[in-house]
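>>> kindly generate the corresponding structure for this input.
(one chain, ligands or ions: 2)
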Amino acid sequence: MTLTPLTPAPVTPIPITLALPKGRIFEEGVALLARAGLPLALPEKSRALQWRMGHVTLLELRNQDVPVYVDLGIADAGIVGKDVLAESGRAIYEPLDLGFSRCRLSLIREIGATGPVHRVASKYPRLTAQYLQERGLSAEVLKLSGNIELACLTGLADAVVDLVQTGSTLKANNLEELEIILQSSARLVVNRTSLKLKRGELRPLIGRLRELTGDAASEHRPVR
Ligand SMILES: Nc1ncnc2c1ncn2[C@@H]1O[C@H](COP(=O)(O)OP(=O)(O)OP(=O)(O)O)[C@@H](O)[C@H]1O
Ligand SMILES: O=P(O)(O)OC[C@H]1O[C@H](OP(=O)(O)OP(=O)(O)O)[C@H](O)[C@@H]1O
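Ligands and ions are numbered 1, 2, ... in the order given. A predicted model of the protein is given here:
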């Protein structure tokens, strides 16, 4: 009897769905995932909201919707800012700090303002309320959607909680950062059930991203 060596069966990649936010994170997120070996390229500009590239389906969402899609398992994984993730309050598995889109969430007032703080405006009402409570402050929290700093300048609010990166928006508007509430950067988030069911695809992906981004730290705890 002659024995013929076994040839390994070809490995078919497991289909995965990824959620990425439009805006700042999208391009860098796609580029990083491509460097990690996924068959991705920046999609042509169009009104399409999802793309199939090889075994990967890419969903383009608003930032705040990424944690929702991943938590509820419509997407297996996604990329989102820590600020948005913390504001969502969802305890999603967050294995990696990807290190880009770094900024901080801070309490901001007009330079020299000394009056009492009755109202604080922010796109992050949950984190703002939590911060005020931790400080024993009883100001009202007003949810706004953008150009938050204007609330201070127009008298709509006595202070705002917003993102700071270079500080140029503060400088251009005579504002100052009083306290940093949260340091933020883009994070990889993964649905816990997908991680079990699609382990063969997701674990190696997390490993390759960890090598690329240098996040050797142990896995992040679920956000509060
Ligand atoms: N000036 C900045 N520099 C660096 N990173 C930033 C800056 N502003 C925001 N980010 C980070 O990038 C993420 C996406 O920001 P982006 O500006 O694309 O969203 P947005 O327009 O504020 O969101 P949306 O309009 O969906 O509420 C933020 O959640 C934050 O983590
Ligand atoms: O410190 P800087 O480098 O100036 O960056 C901070 C600014 O960037 C973000 O605004 P964005 O441009 O996303 O507009 P938005 O206020 O409409 O979210 C953030 O809300 C600040 O306004």
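>>> which residues does stretch 65-74 contact?
The contact list for stretch 65-74, computed with CB atoms under 8 Å, 6 or more residues apart in numbering, reads 17, 19-21, 59, 61, 75-80, 84-85, 88, 90, 92, 189-191, 193-194. To be clear about C-beta, it is placed using only N, CA and C from the backbone, and glycine gets the same treatment.
>>> just the terminal-to-terminal distance for it.
Its first and final residues considered, stretch 65-74 spans 11 Å by CA to CA, to the nearest Å.
>>> do stretch 17-33 as well
Stretch 17-33 has an end-to-end distance of 12 Å (CA to CA).
>>> just stretch 82-96 next, same as before
Terminal residues of stretch 82-96 are spaced 11 Å apart (CA to CA).
>>> quick one: distance of the longest helix along the chain to the chain centre.
Scanning the chain for the longest helix, with DSSP state H as the assignment, gives helix 199-213. In terms of CA atoms, centre = their mean, to the nearest Å, the centre of helix 199-213 is set 18 Å apart from its chain centre.
>>> does anything pack onto that helix? Which helices or strands?
strand 16-21, helix 24-35, strand 93-97, strand 186-190, helix 192-197 (3 or more CB pairs under 8 Å, 6 or more residues apart in numbering; DSSP states H and E).
>>> any bit of the fourth one sitting next to ligand 1?
By that I understand strand 186-190. No. Remark: strand 186-190 sits outside contact range of ligand 1, by CB under 6 Å from any ligand atom, the gap being at least 6.7 Å.
>>> got a PyMOL select line for the buried ones in the contacts of stretch 65-74?
Entered in PyMOL, the line below selects the buried ones among the contacts of stretch 65-74, by 16 or more other CB atoms under 10 Å:
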select buried, resi 17+19+20+21+59+61+75+76+77+78+79+80+84+85+88+90+92+189+190+191+194
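>>> so Arg47 belongs to a helix, correct?
No. Judged by DSSP: H, G, I helix; E, B strand; the rest coil, Arg47 forms no part of a helix; its state is coil.
>>> from Lys22, how far off is it?
Applying CB to CB, to the nearest Å, the value for Arg47 to Lys22 is 12 Å.
>>> give me the mean pLDDT for the longest strand along the chain.
Secondary structure of the chain read by DSSP state E shows that its longest strand is strand 175-184. Per-residue pLDDT values over strand 175-184 give a mean of 98.
>>> same deal with stretch 71-80?
Rounded mean pLDDT across stretch 71-80 is 98.
>>> from the chain's centroid, how far away is that stretch?
From the chain centre to the centre of stretch 71-80 is a distance of 11 Å (CA atoms, centre = their mean).
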